[in-house]
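In: Got a predicted model here, sequence first, then my questions.
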There are 2 protein chains.
Amino acid sequence: MRTSIATVSLSGSLTEKLTAAARAGFDGVEIFENDLLASPLTPEEVRARCADLGLTIDLYQPMRDIEAVPADEFARNLRRARAKFAVMNRLGADTVLVCSSVSPLAVDDDALAAGQLARLADLAQDFGVRVAYEALAWGRHVSTYDHAWRIVETAGHPALGTCLDSFHILSRGSDPKAIGDIPGEKIFFLQLADAPLPAMDVLQWSRHHRRFPGQGGFDVAGLLRHVLRAGYDGPLSLEVFNDVFRQAEAGPTAVDARRSLLVLQEEVGLGALPPPVVPTGVAFAELVTPDAEPVTSLLGALGFARTARHRGKPVELWERGEARVLVNTGPATLPHARRGSGGATAADGTRLAAVGLESPDPAGAARRAEALLTPVLPRRRADGDAPLDAVSAPDGTELFLCATNRPQLPDWRADFTDLPGIAAARDGVRIDHLSLTQPWHHFDEAVLFHRAVLGLDAQESVDVADPYGLLRSRAVSTGDGAVRIPLTVGAAPGDDTAHARHIALGTPDVVAAARRFTEAGGRLLPIPANYYDDLAARYEFTDGELATYRELGILYDRDAHGVFRHCYTRTVGRVFFELVQRDGGYQGYGAANAPVRLAAQHTAR
Amino acid sequence: MRTSIATVSLSGSLTEKLTAAARAGFDGVEIFENDLLASPLTPEEVRARCADLGLTIDLYQPMRDIEAVPADEFARNLRRARAKFAVMNRLGADTVLVCSSVSPLAVDDDALAAGQLARLADLAQDFGVRVAYEALAWGRHVSTYDHAWRIVETAGHPALGTCLDSFHILSRGSDPKAIGDIPGEKIFFLQLADAPLPAMDVLQWSRHHRRFPGQGGFDVAGLLRHVLRAGYDGPLSLEVFNDVFRQAEAGPTAVDARRSLLVLQEEVGLGALPPPVVPTGVAFAELVTPDAEPVTSLLGALGFARTARHRGKPVELWERGEARVLVNTGPATLPHARRGSGGATAADGTRLAAVGLESPDPAGAARRAEALLTPVLPRRRADGDAPLDAVSAPDGTELFLCATNRPQLPDWRADFTDLPGIAAARDGVRIDHLSLTQPWHHFDEAVLFHRAVLGLDAQESVDVADPYGLLRSRAVSTGDGAVRIPLTVGAAPGDDTAHARHIALGTPDVVAAARRFTEAGGRLLPIPANYYDDLAARYEFTDGELATYRELGILYDRDAHGVFRHCYTRTVGRVFFELVQRDGGYQGYGAANAPVRLAAQHTAR
């Protein structure tokens, strides 16, 4: 029989995947849509590449959330499907995978599902495409292969068949025997995968995946309250079996552990810590670089002006609107940078090494940090400097607790001398968020630090596919969004050096900002045309809107609240910039676009 | 309240763990028994170290499988407990953790459990020790905290209380409310841990942990038979979402993928591969080294004689009994070593780079290997060499398929010239097993390779604690044990360089072999005294037996079949030797002793 492999099974760019599959002797591939969207190759070029390699494109996948939905939603789905079938014609792929819907809009109505799938198959037939309908194990109403087959049988359409996936069938414990009764010609496709059996019993969970209190999902504080009510007065002892801690340096793990107990004790009313002082904004981001030119020319193109210079050190202040960036060409001392991304060596080039946070009470914030075992940095770096409160985050990033332009409090600005005759534009630009890559296997610790020490709220954790791995991202922020810090970690040690940190600048008009940047000689990250073809299939835009995004490389996302538009500069050293426009209360960070952005960054290297 | 941390929560040696806990400000520690057994410090020295650091030893843990067992078993348990209480007195620890039994011998009888725990508490009281009884979430009959407390209450002994562990309580979804009703003074200890919530739903399982067929636990072949019966004739397509494959080089993953499909097709009767040729023994192990002296002096002390020399290359044959080791000081060509442990660079020093396997049909074995996408190595390395079949394993190890002393077949021995007047001892020594460290994240691939290509059987996978991480080990072997290869992998990239490969030499008398080795100037790996104190508590030995093991550093294990005694040389480059004595059909590799051995190797560095 012919053999095929899904591109999602392999690492790298689409080109690398196709080459590897052909060299290993596969006859064909399934192309995963995200791999195409992230590729700079056009569908025609992908088709030609496959032909050169002797590969057929056996499946294009997947289409999701198509069937058993209200009529207006189904009309939108058909519109999207038409665009995808056109792409398949360009690819020369004749079978599309449709997964059973997980949409909350889907209703439990097999007749409706069959009817809509038949209409989809009608459309597919016009393009010479076959539709293979598959039950996802976690499908909303259709989750077993025999159920999916009954719907296909009901639909009775020649261009509609079923796709069987060994994972979805065997993971549910379904009996595969009834497969033998499906007419072979109606099984349009077979996907094979194995998996370790019930991967996580309570013993494995206990022995490998425990966390310190506050770093998992248990209500440890609730339990402790009951124990205290019983009158227990012995020690609070941490017993944490964790594969990561087994490998990590013991010293920082022990500090992380004790911090978790201090937070727990505070939560149940044992022991008093100085109260949290929630920051109210970002005062500045500080870049340390051995060579200022590349980053200052980037800042210049971004509309920043050099407004001031440090009185005693080689540090310049660049400003635009409310956004302030310090460029430090002095020696990197970094007394507390011990584990990575903050950047341990100057050899890494430009890096985001310090952050100034506006604090209603800098001294109080530092007291809380110190009580929670955070290294406090010297208040004065040199004679005559303003006495600033600063602490070191677990990743070595220096956090300055600032009181910008507030009388009675030491002001970091006081260490700077204004450059005469230069004023920053007052145009509403601000630092929207700072994305801080974390060293591997200290992610839960970093989240607890930002929650407990800085008083930020943690959002849900998100997985993001990178062509060469998988990133985990979790944002911490203030309730009003004045401070937003997505923390990101790679899948394995070393990934912290593969991914740069970035500064996202919020602007009321990202198109104007992007144009101005390119007119000033800046180069935005190029985004593949396939991405915009997909956007066109997903959303309706006003005349010319999408063309503008396509021209500039602006990415687009929507959530329940509003719209997010964003684009990226090239990377300098270990840092890049993002321009973002947040409208209508959009809350996220464009995570849906991250795989395309990451692939583009790999390509641009 | 006082704070404490279990040594198992931190990485490193016991000394490193204690230092880290004290520096982070903990008041005390729980000492995990394995950490003590693996430490070269005596209990008195540990006590003094803790006192110097300002730490108390709040708990010694754990005792397992104590209660609700038949009388003779309980008598053995009391004997073991007496020894442990004596150790606790030496440590200055006054509370011991007893986990609810998971033993198949345990019966479901709370009264018996309470009675035996009371007798244990009687004995503990004599030593000034308190017993804290805890319900393991996976205890055989006692798995909830309220059940454990009822048994403690029934026993009614002042030296018996309960230990509460937030993991065991919350992982079972128990309501912690009833804790408030336990008298506080009967809660002897509280262990705290958090954990991520239901860690593995089917969506996570599907998106992150799929494997290629034959590398997981699903009956993929069974499913495929049903699909074929239906008449399906489309492609067999692999769709594998796996976090590791996302990071791994695409080329080798694609080959691994297609090999899995070839094996699957063979299993269901599609496509004919040359049949497997199971090896019948180990012909030789080949060490490549830039400097032969350290390893040949080690071989000399192990009783090996240099018996022959390669006719054209700087390779010597060393023999003892049936064990043969080639020492190659030539340039390391390693055309296929791409990913690690086989050793990619000569800079690593001495490494185990090739293995000769006795094969009933070397050419047939090579044909199967080639059909399964294994790189076949040139049959002749140089003019005049015997034409030998050889293939490259996924880790780059060269596997020679040998026909030693078999007429009509090319013999590797023919390339060697005997050194006159030297004969190897004929004393029953042979290669018992070869432990091959694998590159990170290619472990499942290696197991499938050895199973499918070489026709070996795979045993269960075993986790082994190393002071600085966790190793996974899975042995492949022939049914008769003539070839045994434990494959081992570390917990993270880079670990493959932290752990050496080794050659285990089977001998009928390990004590004599060890004595002879030390008398010849060899140095065995020193094993901590605490290990032998524990052995004395676990097993009864004949007079002087344990003293001999203690003197020489011989480790001891039993399984259902027999007894295993073993000891280790120091490491040379990336290789060390083990001397083993297998009696009564013992099947394992002494995995229970591996943590002690690994810690000793770290100490010896």
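Out: It's in. Residues are numbered from 1 along each chain as shown, chains lettered A, B, ... in the order given.

In: buried residues in stretch A:175-186?
Out: For stretch A:175-186, a neighbour-count test (16 or more other C-beta atoms under 10 Å in any protein chain shown) marks A:Pro176, A:Ile179, A:Ile182, A:Lys186 as buried. Every residue, glycine included, has its C-beta placed from N, CA and C.

In: Looking at the residues you listed, which are in strands?
Out: If you go by DSSP state E, these have nothing in strands.

In: is it possible to export those to a markdown table including pLDDT and distance to chain B?
Out: Shown next, in a markdown table, are the buried residues of stretch A:175-186 (pLDDT from 0 to 100; distance: C-beta to the nearest C-beta, whole Å):
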| residue | pLDDT | distance to chain B |
| --- | --- | --- |
| A:Pro176 | 93 | 4 |
| A:Ile179 | 93 | 4 |
| A:Ile182 | 94 | 5 |
| A:Lys186 | 96 | 9 |
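
In: which of those sit farthest apart?
Out: Farthest pair in the buried residues of stretch A:175-186 (C-beta to C-beta) is A:Pro176 and A:Lys186. Separation: 16.0 Å.

In: how near is the nearest residue to A:Asp126 once chain neighbours are set aside to chain B?
Out: Closest residue in space to A:Asp126, ignoring its immediate chain neighbours: A:Phe85 at 7.8 Å, by C-beta to C-beta, 6 or more residues apart in numbering or on different chains. Counting by C-beta to the nearest C-beta, to the nearest Å, the separation of A:Phe85 from chain B is 20 Å.

In: pLDDT averaged over the host helix or strand of A:Val29 - what is it?
Out: Secondary structure assigned from DSSP states H and E places A:Val29 in strand A:28-32. Strand A:28-32 shows a mean pLDDT of 95.

In: For A:Gly271, grab the count of nearby residues.
Out: Using other C-beta atoms under 10 Å in any protein chain shown, the number of residues around A:Gly271 comes to 12.

In: make that A:His499, sorry
Out: The local packing of A:His499 (other C-beta under 10 Å) involves 21 other residues.

In: What segments of the stretch 101-250 of chain A are helices?
Out: Listed in chain order, the helices of the stretch 101-250 of chain A (DSSP state H, counting those that start in this stretch) span A:110-126, A:145-155, A:166-170, A:202-208, A:220-229, A:243-247, A:250-267.

In: So which of those helices is the most surrounded?
Out: Counting by mean count of other C-beta atoms under 10 Å in any protein chain shown, helix A:166-170 has the highest mean neighbour count of the helices of the stretch 101-250 of chain A, with a mean of 25.

In: other SSEs contacting it?
Out: Where contact means 3 or more C-beta pairs under 8 Å, 6 or more residues apart in numbering or on different chains; DSSP states H and E, helix A:166-170 is packed against strand A:187-192, helix B:220-230.

In: out of these, which comes closest to A:Gln459?
Out: Nearest to A:Gln459 among the helices and strands packed on helix A:166-170 is strand A:187-192 (33.3 Å), distances taken as C-beta to C-beta.

In: Per-residue pLDDT of the residue of the stretch 351-500 of chain A found nearest chain B, please?
Out: In the stretch 351-500 of chain A, the residue that lies nearest chain B is A:Gly469 (4.3 Å; C-beta to the nearest C-beta). pLDDT recorded at A:Gly469 is 77.

In: For the helices and strands packed on helix A:166-170, give me CSV that also has distance to A:Arg368.
Out: Shown next, in CSV, are these (distance: least, C-beta to C-beta, whole Å):
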stretch, distance to A:Arg368
strand A:187-192, 53
helix B:220-230, 55
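
In: Make sure A:Pro486 is actually in contact with A:Arg474.
Out: Yes. Using C-beta atoms under 8 Å, A:Pro486 is in contact with A:Arg474, at 7.2 Å.

In: quick revisit: which one of the helices and strands packed on helix A:166-170 lies closest to A:Phe577?
Out: strand A:187-192 (41.0 Å).

In: Does that closest one pack against any helices or strands, and if so which?
Out: strand A:95-99, strand A:130-134, strand A:160-165, helix A:166-170, helix B:220-230, strand B:236-238.

In: before we move on, the earlier item: so what secondary structure elements neighbour the strand holding A:Val29?
Out: Applying 3+ C-beta pairs under 8 Å, 6+ apart, one finds that strand A:28-32 contacts strand A:3-6, helix A:14-23, strand A:56-63.

In: distance of the spatially closest residue to A:Asp181 that is not a sequence neighbour from A:Ala24?
Out: Of all residues not flanking A:Asp181 in the chain, B:Ala230 sits nearest, at 7.1 Å (C-beta to C-beta, 6+ apart). B:Ala230 is 28 Å from A:Ala24, where distance means C-beta to C-beta, to the nearest Å.

In: again with A:Leu78
Out: From A:Leu78 across to A:Ala24, the span is 38 Å (C-beta to C-beta).
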